[in-house]
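A.B. asks: Sequence and predicted structure below; questions after.
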Amino acid sequence: MSVIGFFLRMSVRRGFAHYLIHWQKRKITKSYVLFYKRRMSNCKIHTVIKRTKKTLKRIKTKDRIHNDMQTLSTVKDETEFTVELERMVRATQEISVMQIQKIRGSVLATRSFMEGLHDIFFDVQQAHQQQVIKLLKTQQDLTKKTEHQKENLFVFISSNHRFSSAITHEVFTLFSQQVKSNTQADILIIGRIGKELFDREFPSRQHTFISMSIDAPSKEDLANVFRILLQYVNIDVYQGQYTSLAAQHPSQINISGKVALSHLHEREQKGPRYFLFEPSLEVLITFFEHQITEALFQLTLHESSLANLGSRISALESSISAVEQYEKKLHQTHLLLLKQKENRKQQQRLAGRILWK
């Protein structure tokens with residue numbers, strides 16, 4: 001008969017038998033029982049063994065008490081880790097909110113710059129309307145004068161960090177649909193996450209990759225991107241559009257300077273103005289196209305960063321709720337283990353009293 005084991009100590013005084021149970025790893029053998037049976041003729045050894053076996057059946061493992069202490073220690077460590085995790089998540093959320101406030105200022109500054117460019121070009125267009133419209137409509141001449149050599153470019157903006165938001169995958173879904181429908185367009189991928197997604201979906205498709213931070217791009221990275229963008233006539237950028245902290249959606253925007261300038265004739269004229277162009281009107285239009293393309297691209301970077309941060313904050317908020325619920329479960333588990341431990345102690349005390357009778 002194999003059990004956890006116990007050490008049975010007896011002393012016979014005035015016809016009574018005293019028993020002291022210790023939970024140790026031993027075996028009850030027939031010789032062990034007969035040895036104590038000889039020393040206590042007035043005790044019912046079979047009753048004692050029966051009660052002891054009934055108590056031992058409740059124990060499922062060999063080291064129950066040790067495992068219980070280990071479980072309590074594990075729950076305590078898990079609780080401490082969860083508390084630290086909650087602090088880290090809250091700190092990350094606060095940092096993301098600060099970054100959103102900072103990027104909002106950059107977005108407002110870029111929009112103000114864009115409005116200034118539009119106002120100046122609108123005045124130039126009104127002063128020399130026939131010449132400007134002729135240049136804007138003559139696609140072949142503009143292509144030569146603005147040094148455009150290629151037709152279409154698809155740009156996918158993503159993050160470099162693995163802790164990216166769900167909006168990145170939604171934008172890639174929209175981007176991949178356009179890539180499949182237009183096999184002749186060139187591809188520009190910004191961000192390592194975007195490259196991983198693109199290589200997984202289009203392993204044999206040629207593309208250009210730039211590992212650039214969309215939160216704080218350097219001047220060198222922007223110069224490399226602008227050098228590529230200015231070679232194309234039509235530029236479509238796929239990014240996350242920031243609406244609010246609770247709403248972000250994928251979007252497609254054309255940042256070609258020519259497209260942006262072609263819609264300015266719909267504005268109302270404030271008054272006649274006259275300009276002198278140096279060296280020529282064609283060079284001025286080229287300059288406006290480049291500036292507007294660069295400003296629009298920077299604006300898309302800011303918008304994409306805002307969308308990622310907004311989606312990240314929403315995910316962090318859900319994580320905080322999940323962590324708080326997990327903390328409550330750990331606290332309940334800790335209380336349950338303490339009660340179970342105390343119950344076993346009470347059962348041991350009661351078993352000892354029964355054996356002493």
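C.D. replies: It's in. Residues are numbered from 1 along each chain as shown.

A.B. asks: Can you give me the buried ones in the host helix or strand of F154?
C.D. replies: Per DSSP states H and E: F154 is located in strand 150-157. Under the neighbour-count criterion of 16 or more other CB atoms under 10 Å, strand 150-157 has L153, F154, V155, F156, I157 buried. Every C-beta, even on glycine, is put in place using the N, C-alpha and C of the backbone.

A.B. asks: contacting residues for the first one?
C.D. replies: This means L153. Residues in contact with L153, defined by CB atoms under 8 Å, 6 or more residues apart in numbering, are A185, D186, I187, L188, I228, L229, Q231, Y232, N234, I235, D236.

A.B. asks: in the sheet, who's paired with it?
C.D. replies: D186, I235 (DSSP bridges).

A.B. asks: Could you check how far T74 is from E342?
C.D. replies: 19 Å (CB to CB, to the nearest Å).

A.B. asks: So between those two, which is more surrounded?
C.D. replies: More crowded of T74 and E342, by other CB atoms under 10 Å: T74, with 13 against 10.

A.B. asks: so where's the chain uncertain?
C.D. replies: For the chain, the stretches with pLDDT under 70 are 1-70, 118, 121-149, 162-165, 257-279, 281, 352-357.

A.B. asks: how is it carved up into domains?
C.D. replies: Per automatic domain parsing, the structural domains of the chain span 12-67+329-356, 82-320.

A.B. asks: Show me where this structure has its strands.
C.D. replies: Using DSSP state E, the strands of the chain run over 12-13, 16-17, 150-157, 186-190, 208-210, 232-244, 247-254.

A.B. asks: would you turn the ones you listed into JSON lines with distance to D221?
C.D. replies: Shown next, in JSON lines, are these (distance: least, CB to CB, whole Å):
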{"stretch": "strand 12-13", "distance to D221": "92"}
{"stretch": "strand 16-17", "distance to D221": "88"}
{"stretch": "strand 150-157", "distance to D221": "12"}
{"stretch": "strand 186-190", "distance to D221": "9"}
{"stretch": "strand 208-210", "distance to D221": "7"}
{"stretch": "strand 232-244", "distance to D221": "16"}
{"stretch": "strand 247-254", "distance to D221": "20"}
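
A.B. asks: I'd like to know which of those strands is closest to Y326.
C.D. replies: In terms of CB to CB, the element of these nearest to Y326 is strand 247-254, at 26.7 Å.

A.B. asks: What residues does F202 make contact with?
C.D. replies: S176, V179.

A.B. asks: Look up the closest residue to V107, ignoring the ones flanking it.
C.D. replies: With CB to CB, 6 or more residues apart in numbering as the criterion, V107 has its nearest non-adjacent residue at 4.6 Å, and that residue is H302.

A.B. asks: Report how many residues lie close to the one you found.
C.D. replies: Other residues close to H302 by other CB under 10 Å number 23.

A.B. asks: now S211
C.D. replies: There are 12 residues near S211, going by other CB under 10 Å.

A.B. asks: if I look at it, how far off is L316?
C.D. replies: 25 Å.

A.B. asks: And Q93, by the same measure?
C.D. replies: 4 Å.

A.B. asks: The chain: helices as residue ranges?
C.D. replies: Along the chain, the segments classed as helices by DSSP state H run 30-39, 45-56, 64-127, 129-137, 139-145, 167-181, 192-201, 219-229, 257-262, 281-356.

A.B. asks: dump the residue contacts of L330.
C.D. replies: V75, E78, T79, T82.

A.B. asks: With adjacent residues omitted, what lies nearest to it?
C.D. replies: T79 (4.8 Å).

A.B. asks: The one you found reaches H331, doesn't it?
C.D. replies: Yes. Contact criterion CB atoms under 8 Å: T79 and H331 qualify, at 7.2 Å.

A.B. asks: Neighbour count: these two, which is higher?
C.D. replies: T79 (16 against 12).

A.B. asks: Report the contact partners of that one.
C.D. replies: Here T79 is in contact with E327, L330, H331, H334 (CB under 8 Å, 6+ apart).

A.B. asks: 10 Å - rerun?
C.D. replies: Residues near T79 by CB atoms under 10 Å, 6 or more residues apart in numbering: Y326, E327, L330, H331, T333, H334.

A.B. asks: do K102 as well
C.D. replies: Counting by CB under 10 Å, 6+ apart, K102 has contacts D215, A216, S305.

A.B. asks: So which of those residues wins on neighbours?
C.D. replies: S305 leads these on contacts (other CB under 10 Å) with 26 neighbours.

A.B. asks: hang on, the earlier thing: of the contacts of L330, buried ones?
C.D. replies: Neighbour-count burial (16+ other CB under 10 Å) applied to the contacts of L330 gives V75, T79, T82.
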